[in-house]
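1. whatever this is, show me its structure:
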Amino acid sequence: MNSVRVIMYFMLATLMILSPLHSAMADDDYIEARRLLDAGEILPLEVILKDVRKQFPGNILDIELEREGREIVYEVEVLGEDSVIREVYIDARTGKVLSSEEDY
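-> Next comes the predicted model:
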């Protein structure tokens, strides 16, 4: 029983240590996205979402900006009007839809 407590305390301590780190990483992501936008390397999110909504009507559930090799990609998760969740991958520089897939 004591070993279970030790493990629980260790996990709690680890969580407490990593939580601020996660917040700092999220802040850095925002700073990097802002830098890319200001440098003209990516399109504004409003432009991307306008085009996504035309091609994939529904509710936007989640948005991520990711580097995939040399590309910068917006990953947009959409709950379609047909109740299907789709992940749409968009080139952040051009706004071109790279691919989309149903997410089960």
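2. only C-alpha atoms for contact and neighbour calcs from this point on.
-> Will do.
3. tell me where the chain is predicted with low confidence.
-> Applying pLDDT under 70 to the chain flags residues 1-28, 104.
4. got the residue ranges for the helices in it?
-> 2-38, 45-55 (DSSP state H).
5. hang on, Asn59 packs against Val76?
-> No: using C-alpha atoms under 8 Å as the test, Asn59 is too far from Val76 to be in contact (10.4 Å).
6. between those two, which one's more packed in?
-> Val76 (20 against 14; other C-alpha atoms under 10 Å).
7. please report how far the residue lying closest to the more buried one once chain neighbours are set aside lies from Val88.
-> Ranked by C-alpha to C-alpha, 6 or more residues apart in numbering and with sequence neighbours excluded, the top spatial neighbour of Val76 is Ile63, at 4.6 Å. Plainly put, Ile63 is 10 Å away from Val88 if you go by C-alpha to C-alpha, to the nearest Å.
8. common neighbours of those two, please.
-> Common neighbours of Ile63 and Val88, counting by C-alpha atoms under 8 Å, 6 or more residues apart in numbering, are Tyr74, Glu75, Val76, Glu77.
9. what sits against the closest residue to Lys96 other than its chain neighbours?
-> Among residues not flanking Lys96 along the chain, Ile90 sits closest, at 5.5 Å (C-alpha to C-alpha, 6+ apart). Contact analysis of Ile90 by C-alpha under 8 Å, 6+ apart lists Ile48, Val73, Tyr74, Glu75, Val76, Lys96, Val97, Leu98, Ser99.
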